[in-house]
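# Build the 3D model from these lines:
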Amino acid sequence: MAKQAAAQPKPQRETVHVVTVNSKAHHDYVIRETYEVGLVLTGTEIKSIRAGKVNLREAYAKVERDGVWVHNLHIAQYDLGNRWNHEPLRTRKLLLHKSEIRELLLKTRSKGLTLVPLKLYIVRDRAKLELAVAQGKRVFDKRQAMAEREVERDIARSVRVHR
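Numbering: from 1, shown residues only. Here you go, the predicted model:
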């Protein structure tokens, strides 16, 4: 009897499909730390997310009673949904470990820190949110960051010209 070689499963590559990015967050906040969190969604919400009908611009998260909740995350109603379609701006629960929730609670209690969603993406058929502990920038900081970017662009431009 000949032994058959056991077929080893191929390692699956994790495909990440980025649905939306909060580009304004990096302009308005200094990002301190990021977390990958899950979302509690209904059926029509995940269908709208896969269709890309999401807006993170005004969204923020809060540590409340029994967990972390995201507010003002706009997920448009599903076009083919029925009368039980979801509310676009409803408050949604975020999935984190208890230790992470405690950590976030301590961090957001300190002055000037808040929870801001940075991007929404799909990994292995699950919607994930990149949540950041961030500190708001002052107008001076924003101007300084814009001036630094302008200097970097000028340097890159002059290097290209000299080549």
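# Please make it C-alpha for all contacts and neighbour counts, starting now.
Fine.
# low-confidence ranges in the protein?
1-13, 140-141 (pLDDT under 70).
# And the helices in the protein?
23-28, 43-50, 98-109, 139-162 (DSSP state H).
# mind checking how far the third one is from the chain centre?
For helix 98-109, the distance between its averaged C-alpha position and the chain's averaged C-alpha position is 18 Å (Cα atoms, centre = their mean, to the nearest Å).
# who wins for proximity to Val123 among the helices of the chain?
helix 43-50 (11.3 Å; Cα to Cα).
# Now do that closest one: which elements does it pack against?
strand 74-75 (3 or more Cα pairs under 8 Å, 6 or more residues apart in numbering; DSSP states H and E).
# highest average neighbour count across the helices of the chain?
Compared across the helices of the chain, helix 43-50 shows the largest average neighbour count, a mean of 19 (mean count of other Cα atoms under 10 Å).
# roughly how far is it from the heart of the chain?
With Cα atoms, centre = their mean, you get 16 Å for helix 43-50.
# Residues touching it, excluding its own?
Helix 43-50 has contacts (Cα atoms under 8 Å, 6 or more residues apart in numbering) with 19, 54, 75-78, 81, 85-86, 127.
# List buried members of these by neighbour count.
Using 16 or more other Cα atoms under 10 Å as the burial test, those include 19, 54, 75-78, 85-86, 127 as buried.
# which pair in these spans the largest distance?
The farthest-apart pair in the buried ones among the contacts of helix 43-50, when distances are taken by Cα to Cα, is Val19 and Asn85, at 20.4 Å.
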